[in-house]
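In: Quick one, what's the 3D model for this:
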Amino acid sequence: MSGKPRLFLLDAGPVIGLHELGLWHELLERAQVIVPAIVAYKEVVFWDDGGGVGRPIDLRRDEATGRLHICCADAAAVAAVLDRFDPVMRERIDAGEAEAIALLSSWEGERPEFCTADGAAVRAACLLALADRIVSLEAVLRRVGLDPPQLATKYGEKKVRQWVAEGRQMRVRGEGLAP
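Out: Prediction:
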C-alpha cells in the first residue's frame, strides 16, 4: 500500500456507499485505505444492491490480499477519547466511529484523512481539533481521480463542510466536551 498517494480512514457509511456505487475496488487500487476493526468485523456486513438483495462485504479478503489495512485501537484509547466528551455527545458516537477517532487521535506520523457520513462523528473529531483531517466521500473520490457520481447528501462535500463548521463552533463554545 505504501506507493499509493492518499491515506484514508473510512467509517462504515462510506465503505457501504462505495460498494453500492461499485467503486470500492477502484478506490483500493488508487489509495491507501484503513478501516477500524469494529467497522470491518461488526458494522460492515452487506450492501443493498437496490433490488432489496443484500450483497455480502468481505473486508477480511481485501486485507488478506494487502489492498486494505484494518486497524484496531485498544479499549483504553477508545475509552480515553470518549471520556473527553459530555454524556450527550458520547451517546451520539457509535463504536466504530469512536475507534476511528481514537486511531486518528493517537496516529503517529502523517495522519490519515477521516471519511465518515455521520454528522456526530465529524463534530466529535472537530471537538478534538481534528477538523483538518475530515474529508467527504465526494472529496475522496476526486482526490484519487474518480469522478463522483450522484451521491447521497451525507457523502457530499457541502454537507461535510457544514458539519465541520458546526464542530468548530462547538469547540470554541466548549459544547460537547466533558467539564
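In: Tell me, how many residues neighbour Val44?
Out: Other residues lying near Val44 total 23 when counted by other CB atoms under 10 Å. C-beta: built from backbone N, CA, C; applies to glycine.
In: my guess is it meets Ala12, correct?
Out: Yes. At 5.2 Å, Val44 and Ala12 qualify as touching, with contact defined as CB atoms under 8 Å.
In: all helices of this protein, in order?
Out: 12-21, 24-30, 37-38, 59-64, 75-82, 87-92, 95-106, 119-127, 137-143, 157-173 (DSSP state H).
In: so what does the shortest one touch, helix or strand wise?
Out: Under the contact criterion of 3 or more CB pairs under 8 Å, 6 or more residues apart in numbering; DSSP states H and E, helix 37-38 touches helix 95-106.
In: Any buried residues in stretch 103-123, and which?
Out: Judged by neighbour count using 16 or more other CB atoms under 10 Å, the buried positions of stretch 103-123 are 103-105, 107, 111-123.
In: Kindly apply the preceding question to stretch 25-43 instead.
Out: For stretch 25-43, by 16+ other CB under 10 Å, it's 27-28, 30-40, 43.
In: Could you export the residues you listed as CSV, including pLDDT?
Out: Putting the buried residues of stretch 25-43 into CSV (pLDDT from 0 to 100) gives the following:
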residue, pLDDT
Leu27, 95
Leu28, 95
Arg30, 94
Ala31, 93
Gln32, 93
Val33, 95
Ile34, 94
Val35, 95
Pro36, 96
Ala37, 96
Ile38, 94
Val39, 93
Ala40, 93
Glu43, 82
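In: hmm, back to that, among the helices of the chain, which is nearest Gln150?
Out: helix 12-21 (9.5 Å; CB to CB).
In: what about that closest one, distance to the chain center?
Out: 11 Å (CA atoms, centre = their mean, to the nearest Å).
In: just the angle between it and helix 119-127, please?
Out: In terms of direction (axes from the mean of the first three to the mean of the last three CA atoms, to 10 degrees), helix 12-21 departs from helix 119-127 by 130 degrees.
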